[in-house]
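1. I would like the atomic coordinates for the input below:
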Amino acid sequence: RLFFDAILNTTLWMVAALVLPTLTGLFLALLLDRQVRGARIFKTVFYLPICLSAIVVGQIWIWIYQPDWGLLNTFVKLAGNPDFNYAWLARPDSALYAVIVAWSWQQTGLSMVIYLAGLTSIPSEMLEVCEIEGATVLQRIRRVVIPLLTPSTVVVVALSMINSLKGFDILYIMTGGGPFNSSDTLAMHMYNESFKKYLMGYGSAISVVLFLIALTIIGVYFRQLKKVDEIYG
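-> Got it, this is the predicted structure:
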């Protein structure tokens, strides 16, 4: 039962790790690629979390989620709900999602930088022609920019998926896999079984499953990279 719950949580974790940093990083890159005032400062601020250790990131978000005086609950109270006192990390229905938000916040800066690098390779003349022909900003992004960012997207997706398998540290700091194993991923489950229950054989079997998942992701990544290289190379 716990093993299958860990697989389900790992799947949810990986999907969120794929979607949130990718979309948020793309949005920030598109926003900051335009001549926004103070763009360099914003780039530094958004990239800074990836430079922090998981211990620091985890502690920051533990403070944010703190029920009594945490930043998130304080905003809700100021918005008109003075009795709001939700324990985000102590509830089985919200603990995993709370950690996912914290992890995505840390990873978004890396996705943003990769997309910004990809945007520099798009010829400005192509976008100017689209603008002259009457294409709106959204049309240019959807039909020109995003397709040309495919190589960057492949890299972002692969790194996000691989990094998500290493997301043990922030889970360990923020929830430890709890409450009631609600945030127990395969990596967390492997640690608990190996070093808390001393079931080394079971823990080794879980590590093999993690290795096979990582190997599959890497294989798919190189296959897609080859296709992208054939198309854009």
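2. got the contact list for the helix or strand harbouring Val129?
-> Here Val129, judged by DSSP states H and E, is contained in helix 124-132. With contact meaning CB atoms under 8 Å, 6 or more residues apart in numbering, helix 124-132 is reached by 139-140, 143-145. To be clear about C-beta, it is placed using only N, CA and C from the backbone, and glycine gets the same treatment.
3. tell me which residues of it are tucked away?
-> 127, 130 (16 or more other CB atoms under 10 Å).
4. what about the next helix or strand after that helix, distance to the chain center?
-> Scanning forward in sequence from helix 124-132 by DSSP H and E, the next helix or strand is helix 137-140. Helix 137-140 sits 26 Å away from the centroid of its parent chain (CA atoms, centre = their mean, to the nearest Å).
5. go on, stretch 92-109?
-> On CA atoms, centre = their mean, the centre of stretch 92-109 falls 8 Å from that of its chain.
6. For it, buried residues please.
-> 94-109.
7. between the contacts of helix 124-132, which is nearest Pro21?
-> Of all the contacts of helix 124-132, Pro21 sits closest to Val145, with 18.5 Å by CB to CB.
8. For the nearest residue to that closest one once chain neighbours are set aside, grab the count of nearby residues.
-> Distance criterion CB to CB, 6 or more residues apart in numbering; nearest residue to Val145, sequence neighbours excluded, is Ile122 at 6.4 Å. Look at Ile122: counted by other CB atoms under 10 Å, it has 14 neighbours.
9. and Ile122, what does it touch?
-> By CB under 8 Å, 6+ apart, the neighbours of Ile122 are 144-145, 148-149.
10. Okay, it and Val57: tell me how far apart.
-> Distance of Ile122 to Val57, given as CB to CB, to the nearest Å: 32 Å.
11. Kindly report the same for Glu125.
-> From Glu125 over to Val57 (counting by CB to CB), the distance is 41 Å.
12. Contact partners for Leu18?
-> Leu18 touches 157, 160-161, 164, counting by CB under 8 Å, 6+ apart.
13. Okay, and it sits in which element?
-> Assigned by DSSP H and E, Leu18 belongs to helix 2-33.
14. Name the residues of that helix that come out as buried.
-> 6-7, 9-10, 13-14, 16-18, 20-22, 24-26, 28-30, 32-33.
15. swap in stretch 144-159?
-> 144-145, 148-149, 151-159.
16. Identify the residues contacting that stretch?
-> So stretch 144-159 is contacted by 18, 21-22, 25-26, 30, 110-111, 114-115, 117-119, 121-122, 126-127, 130, 135, 217-218, 221, 224-225, 228, 231-232 (CB under 8 Å, 6+ apart).
17. go on, stretch 168-185?
-> Residues contacting stretch 168-185 (CB under 8 Å, 6+ apart): 2, 5-6, 9-10, 13, 54-55, 57-59, 61-62, 89-93, 95-96, 98-99, 102-103, 106, 167, 187-189, 191-192.
18. Can you give me the separation between the nearest residue to Pro92 once chain neighbours are set aside and Asp33?
-> Excluding the flanking residues, the one nearest Pro92 by CB to CB, 6+ apart is Ser182, at 3.7 Å. Counting by CB to CB, the gap from Ser182 to Asp33 is 39 Å.
19. now the helices for this protein?
-> Here the chain has its helices, by DSSP state H, at 2-33, 39-51, 54-65, 71-78, 95-119, 124-132, 137-140, 146-148, 150-165, 168-174, 186-191, 200-232.
20. so where's this structure shaky on pLDDT?
-> Low-confidence segments of the chain (pLDDT under 70): 228, 231-233.
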